[in-house]
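Peer 1: pasting the structure only:
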Ligand SMILES: Nc1ncnc2c1ncn2[C@@H]1O[C@H](COP(=O)(O)OP(=O)(O)O)[C@@H](O)[C@H]1O
Ligand SMILES: [Mg+2]
């Protein structure tokens, strides 16, 4: 399968290259894979990209860490406290319904052009994904397993540690994949709208001078970073969820 | 006389719009093996859950060795009808969980758990996860998990319902062996009358729901230790089976009729 997947990718890039060379596609709008590869290479060779990449990754990492920890915390507290959950439910819905992009200018005003306005934007995205999944995960714990642990002598704290956290981990992990991607996208959007550093800023600069190759180069680097980070999460997930049957149907694997 | 291990005093349990059991009075003497049989849905699990403290009765009270039960029954272990092992823990960690939760010394707990792994015939499987085991093996783990903390009372809710006949017979034998060694009080739920008689000192028959009540309590005066295969052809077994079945049949028919209508 991997071979076929690689072949498809190669065919796509080759068609693109050929299309532009044969003047079927306008080089101004579409650039050329070979030019993009060359540009990426130059950017790394000249070292100009490192600062931008570092800034973007720092922002994404900060929003990820802050978003995940607050999301998990709130998810746990609300799942264990029915009153609080019911009280806050409408507000959570309303807040989550806001399109994040409209928040970006406000965060720029509040937190300035530096990294924190981007981190804030990333946190609003990551928080809700992780929050909803944790909430769900804790709520969906098999009550028989909870009862079993209680009969074996578990107090509330031990119940959280031995049952609720491991059980919610499946859900939290499925949200981590998505939220890492979204964290990076959110901070890049933030940079794009106003910053002095970062991949998003780089892309907007290139766009400002109609440098299509630069835009594509930025996108390529971004995609590669998201893929690498995703692979890291995959490995961590495989280790922490090693108790699960390796089944495509992750949701109900342990039920049967 | 010492108080009974479990006493149900005028127990009623209602769910919104449905009364499961009503006016249940029952004593389980210390050290006895008592079975509860009845058509499915009649409230057998509900009774166990109340005696375990996982559910509060709507009326009446439960006493454990003479003390009114409040919250979880700390003197009891519970083998559930469904799979209740912690899927993220290995066989070893599942079995020693009860000791770990009590703050036992980790080294000693592990040694005890390893002894239990041997006892239930799972040598070599200590590091497996539940999903890597067969149904019968998971029941063995559950058995060790429940018995390792040495509870005075053990509740078992149709523990072997899902097993094949052969595995089931072996597990029943092992349960009787364990029980004979320790003389714990056992309250065993099954819908299989033969199983109930073969294992127990006493069989309680529940009526079909709603508002299920006790139809009869029967003493099983068969000798111990018992051979679970031969016992089923024992004339006394057949006699007891006949007299209980006459009462139980009525209830099963009633519950069928009701299900037909639904
Ligand atoms: N939590 C619950 N809420 C509502 N009804 C319940 C609940 N638990 C049990 N029941 C009902 O009570 C009756 C007895 O259930 P149960 O004790 O599980 O029966 P059994 O174990 O004898 O098969 C059933 O009709 C069931 O639908
Ligand atoms: Mg039941």
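Peer 2: Cool, the structure landed. Just so we're clear, the structure is a prediction, and the values are computed from it rather than from any experiment. Residues are numbered from 1 along each chain as shown, chains lettered A, B, ... in the order given. Ligands and ions are numbered 1, 2, ... in the order given.
Peer 1: so for stretch B:241-251, mean pLDDT?
Peer 2: Averaging the model's pLDDT scores along stretch B:241-251 yields 88.
Peer 1: ok, stretch A:197-211 next?
Peer 2: 88.
Peer 1: which residues sit against it?
Peer 2: Identification of contacts with stretch A:197-211 by Cβ atoms under 8 Å, 6 or more residues apart in numbering or on different chains yields A:28, A:49, A:51-53, A:55-56, A:59, A:118, A:187-193, A:195, A:212-215, A:217-219, A:221-222. All C-beta atoms are positioned from the backbone trio N, CA, C, and that covers glycine.
Peer 1: which of the residues you listed count as buried?
Peer 2: Applying a neighbour-count criterion of 16 or more other Cβ atoms under 10 Å in any protein chain shown, the buried members of the contacts of stretch A:197-211 are A:49, A:52-53, A:55-56, A:59, A:118, A:187-193, A:195, A:212-215, A:217-218, A:221-222.
Peer 1: measure the one residue in the stretch 51-200 of chain B that gets nearest to ligand 1 to residue B:148 for me?
Peer 2: The nearest approach of the stretch 51-200 of chain B to ligand 1 comes at residue B:189, 6.6 Å away (Cβ to the nearest ligand atom). Noted for residue B:189: a distance of 21 Å to residue B:148, by Cβ to Cβ, to the nearest Å.
Peer 1: same question for residue A:5.
Peer 2: Distance from residue A:5 to residue B:148, by Cβ to Cβ: 50 Å.
Peer 1: of those two, who's got more company?
Peer 2: Legend: neighbour count by other Cβ atoms under 10 Å in any protein chain shown for residue A:5 and residue B:148, higher for residue B:148 (23 against 9).
Peer 1: okay, now the unreliable bits of the stretch 51-200 of chain B?
Peer 2: For the stretch 51-200 of chain B, not a single residue meets the criterion pLDDT under 70.
Peer 1: next, count neighbours for residue 141.
Peer 2: Since no chain was named, I'll use chain A. 17.
Peer 1: right idea, wrong chain: chain B
Peer 2: Residues near residue B:141, counting by other Cβ under 10 Å: 25.
Peer 1: can you check residue A:50 too?
Peer 2: 11.
Peer 1: check contacts around it.
Peer 2: Applying Cβ under 8 Å, 6+ apart, the residues near residue A:50 are residue A:44.
Peer 1: got the buried residues for the longest helix seen in chain B?
Peer 2: Counting by DSSP state H, the longest helix found in chain B is helix B:235-261. By 16+ other Cβ under 10 Å, the buried positions in helix B:235-261 come out as B:237, B:240, B:241, B:244, B:248, B:251, B:252, B:255.
Peer 1: dump those residues to CSV, plus distance to chain A.
Peer 2: CSV is the format used below for those (distance: Cβ to the nearest Cβ, whole Å):
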residue, distance to chain A
B:237, 33
B:240, 32
B:241, 32
B:244, 30
B:248, 27
B:251, 27
B:252, 26
B:255, 24
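Peer 1: of all the residues you listed, which comes closest to ligand 1?
Peer 2: Nearest member of these to ligand 1, counting by Cβ to the nearest ligand atom, is residue B:255, at 10.0 Å.
Peer 1: contacts only, for that closest one.
Peer 2: Per Cβ under 8 Å, 6+ apart, neighbours of residue B:255: B:39, B:40, B:41, B:42, B:208, B:209.
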